[in-house]
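K.L.:
Fold the following, please.
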Amino acid sequence: GILLLHHEIKIIGAIEGYSSSVWMVRANREGRQAGKMRFPLYYGLGFHLCHPWNHAMLAPWCYTRLPSRSILERKVVCSVRCSQNAATISGETRRAAGSAAPPVSQNGGIDLNPPRGTRDFPPDEMRVRNWLFEKFREVSRLLAFEEVDFPVLESESLFVRKAGEEITQQLYNFEDKGGRRVALRPEITPSLARLVLQKGKALSFPIKWFAIGQCWRYERMTRGRRREHYQWNMDIIGVSGVEAEAELLSAIVTFFEKIGVTSEDVGIKISNRKVLQAVLDRYLVPGENFAAVCVIVDKMEKIPRQEVEEELVRIGVSREAVEGILSALSIQTLVELEEFLGTENEAVVELKHLFNLASGYGFSHWLKFDGSVVRGLAYYTGTVFEGFDKEGKLRAICGGGRYDQLISTFGGPDTPACGFGFGDAVIVELLKEKGLMPSLQIYVDDIIFPLEDHLRFHAAMIASNLRRSGRAVELVLESKRLKWGFRHAEQLQAKRMILVGSTEWERGAVRVKDLASREEREVLICEIVPDSIHCQHS
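P.N.:
Below is the predicted model:
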């Protein structure tokens, strides 16, 4: 409610989650000070309190004039305009209150859609997700990687870097109730680096770990790009040679082959950040600009070339150096690169060795050198790569590279490391585009249908015993017509239906119908569940 006492306004009640709080603005007659406010009160121009649950208890309108010398100036207008249709409140009020009303639709009910950029997973889509994750895990096990996991909520400082990466501006970050700055992880690699540092000498290198986790980024949504996604990461820690990159690329190609994607559909573009470093050295660009340059040139496909040039100049890169950088990015073959940098250049040597290893693995035809690949994360130091749709309809399918200095940025020693991230959204779009999405149905062996209510005890006994033997069993829990039962069995694609009827049960049997052949026969209960208590006593 609202009480007006002299020049004091008290707002009392359950407003935006402050069920036991009182907010007070004191304007004394001299108008020299205002009392401490515990929520954002917009004085001078008035303020609104609007909550769909409080409309009945709050007065619709109140007004009071304050002395002209008041710090609140001439008036405070409290406009309480609450209705069932109120869908939003001040973002500042939400943050101060620490809680907010649920989204409300225009008809007064709760908004049934998930937050923008997020997804529900009903059964049919959950089957696709599980199938995809099983493929991720299958490939990881084939390469002898071990699975790890990390919290979705991490310290904000783990992801905040100074190179101007988009990911830093896309964080879902906030202050928790303990005053700590935290963020929903936008990527997994920093969490892995943190765990490696935490375990320290307890680890035996090299480490081969993989993870499948949800990541969050507040970014512009396009096809295959959402504000949350699941990501498969594979990382090798402790191997300094490109043998590690070759192993990771082998995993990516193996996965593509497992799901029916060929080198006609996708390719993997390869480069090395040492190419760009060599160009910067040639034009005497300071080393501290390296990460920022990488972040800027990664935008080449997203913004006009002129804007890229202007951003580079803005961080202190000369016009001559900008031209050299962009020339290097346009190189499309190792032969051209060798001519540009020389045979002994470190990037050239590493890339030639990597392509040679790919030939040994048998996947070199999947790879393509592309000088424009630098990746947008500042911590990459060597090889970089990304999977791409050869028709050019989709954004990068996956990407990764070497990050030998990431662990040292968190206080540890420089540690050789490389890895990749492979999101779930783009690959699903690709599978749909290519007609490769598998038909995934619920898997049911038996459906048990009691024909009369008093037989439910026996039906439950049969279901329980079949489940113990490892069969997937659907037990009909309500009184239904037999016609419904057959239709339900067809929807579940069950292999057989077991009909529990009084006449057959008295003979120690049930009727079993093979739903593929449509053959039906009477079967003794002991043939179906030989280890059941019923059989032992019969």
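K.L.:
what's the average pLDDT for the longest helix anywhere in the chain?
P.N.:
Longest among the helix segments of the chain by residue count, using DSSP state H, is helix 123-142. Averaging pLDDT along helix 123-142 gives 96.
K.L.:
which helices and strands sit right next to it?
P.N.:
Where contact means 3 or more Cβ pairs under 8 Å, 6 or more residues apart in numbering; DSSP states H and E, helix 123-142 is packed against strand 207-216, strand 228-237, helix 243-258, helix 424-434. No exception for glycine: its C-beta is placed from N, CA and C like everyone else's.
K.L.:
Apply 7 Å and report the result again.
P.N.:
Here helix 123-142 touches strand 207-216, helix 243-258, helix 424-434, going by 3 or more Cβ pairs under 7 Å, 6 or more residues apart in numbering; DSSP states H and E.
K.L.:
Please tell me how far residue 513 sits from residue 167.
P.N.:
Separation of residue 513 from residue 167 (Cβ to Cβ, to the nearest Å): 57 Å.
K.L.:
sorry, back to before: roughly how far is the longest helix of the chain from the heart of the chain?
P.N.:
Centre-to-centre, helix 123-142 and its host chain are 15 Å apart (Cα atoms, centre = their mean, to the nearest Å).
K.L.:
thinking again about what came up before, of all the helices and strands packed on helix 123-142, which one comes closest to residue 390?
P.N.:
helix 424-434 (10.4 Å; Cβ to Cβ).
K.L.:
Go through that closest one and flag the buried ones.
P.N.:
Buried residues in helix 424-434, counted by 16 or more other Cβ atoms under 10 Å: 424, 425, 426, 427, 428, 429, 430, 431, 434.
K.L.:
mind checking the backbone torsions on the spatially closest residue to the fourth one that is not a sequence neighbour?
P.N.:
Sequence neighbours aside, residue 397 is the residue nearest to residue 427 in space, at 5.9 Å (criterion: Cβ to Cβ, 6 or more residues apart in numbering). According to degrees, to the nearest 10, the main-chain angles of residue 397 amount to phi -80, psi -40.
K.L.:
Neighbours of residue 397, how many?
P.N.:
Using other Cβ atoms under 10 Å, the number of residues around residue 397 comes to 24.
K.L.:
okay but it is in contact with residue 266, surely?
P.N.:
Yes. Using Cβ atoms under 7 Å, residue 397 makes contact with residue 266 at a distance of 6.2 Å.
K.L.:
Overlap of the contact sets of the two?
P.N.:
In terms of Cβ atoms under 7 Å, 6 or more residues apart in numbering, residue 397 and residue 266 are both contacted by the residues 387, 388, 389.
K.L.:
ok, the last one - contacts?
P.N.:
Each residue near residue 389 by Cβ under 7 Å, 6+ apart is listed here: 266, 397, 430.
K.L.:
The first one now?
P.N.:
Contact partners of residue 387, counting by Cβ under 7 Å, 6+ apart, are 252, 266, 268, 396, 397, 398.
K.L.:
Let's see that with 6 Å instead.
P.N.:
Residue 387 is in contact with 266, 268, 397, 398, counting by Cβ atoms under 6 Å, 6 or more residues apart in numbering.
K.L.:
Next one: it from residue 141, what distance?
P.N.:
21 Å.
K.L.:
Also the second one?
P.N.:
Plainly put, residue 388 is 27 Å away from residue 141 if you go by Cβ to Cβ.
K.L.:
For those two, indicate the residue with more neighbours.
P.N.:
Neighbour tally, residue 388 and residue 141, criterion other Cβ under 10 Å: the higher count belongs to residue 388, 21 against 12.
K.L.:
what's across from that one in the sheet?
P.N.:
Counting by DSSP bridges, residue 388 forms beta bridges with residue 267.
K.L.:
still on that earlier bit, can I get the CA coordinates of the longest helix of the chain in CSV?
P.N.:
C-alpha atoms of helix 123-142 as CSV (Å, rounded to 0.1, in the frame of the first residue of the first chain):
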residue,chain,number,x,y,z
PRO,A,123,11.0,-36.0,-27.4
ASP,A,124,11.6,-36.0,-31.1
GLU,A,125,14.3,-33.3,-30.9
MET,A,126,15.7,-34.9,-27.8
ARG,A,127,16.2,-38.1,-29.7
VAL,A,128,18.3,-36.2,-32.3
ARG,A,129,20.3,-34.5,-29.6
ASN,A,130,21.0,-37.9,-27.9
TRP,A,131,22.0,-39.5,-31.2
LEU,A,132,24.4,-36.6,-32.0
PHE,A,133,26.0,-36.8,-28.5
GLU,A,134,26.4,-40.5,-28.8
LYS,A,135,28.3,-40.0,-32.1
PHE,A,136,30.5,-37.4,-30.4
ARG,A,137,31.2,-39.8,-27.6
GLU,A,138,31.8,-42.8,-30.0
VAL,A,139,34.4,-40.9,-31.9
SER,A,140,36.1,-39.6,-28.8
ARG,A,141,36.3,-43.1,-27.4
LEU,A,142,37.8,-44.4,-30.7
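K.L.:
what's the angle between that helix and strand 228-237?
P.N.:
0 degrees (axes from the mean of the first three to the mean of the last three Cα atoms, to 10 degrees).
K.L.:
what's the next secondary structure element after helix 123-142?
P.N.:
Going down the chain from helix 123-142, the next helix or strand is strand 146-147, by DSSP states H and E.
K.L.:
Looking at the buried residues of helix 424-434, spot the one nearest residue 130.
P.N.:
Using Cβ to Cβ, the buried residues of helix 424-434 come closest to residue 130 at residue 424, 11.1 Å.
K.L.:
what's across from the residue lying closest to that closest one once chain neighbours are set aside in the sheet?
P.N.:
Distances taken as Cβ to Cβ, 6+ apart place residue 230 nearest to residue 424, at 4.3 Å, with adjacent residues excluded. Beta-bridge pairing for residue 230 (DSSP bridges): residue 214.
K.L.:
Check residue 225 too.
P.N.:
Judged by DSSP bridges, the bridge partners of residue 225 are residue 222.
K.L.:
which outside residues touch the host helix or strand of residue 154?
P.N.:
Using DSSP H and E, residue 154 sits in strand 153-155. Defining contact as Cβ under 6 Å, 6+ apart, one finds that strand 153-155 is touched by 182, 185, 191.
K.L.:
Turn the helices and strands packed on helix 123-142 into CSV, including distance to residue 290 and mean pLDDT.
P.N.:
Below are the helices and strands packed on helix 123-142 laid out as CSV (distance: least, Cβ to Cβ, whole Å; pLDDT from 0 to 100):
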stretch, distance to residue 290, mean pLDDT
strand 207-216, 26, 97
helix 243-258, 20, 98
helix 424-434, 29, 95
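K.L.:
measure residue 413 to residue 316 for me?
P.N.:
30 Å.
K.L.:
okay, those two: which has more neighbours?
P.N.:
Ranked by neighbour count (other Cβ under 10 Å), residue 413 and residue 316 place residue 316 first, with 13 against 8.
K.L.:
What count of nearby residues applies to the residue nearest to the more buried one when sequence neighbours are not counted?
P.N.:
Of all residues not flanking residue 316 in the chain, residue 289 sits nearest, at 6.3 Å (Cβ to Cβ, 6+ apart). Neighbour count for residue 289, taken as other Cβ under 10 Å: 17.
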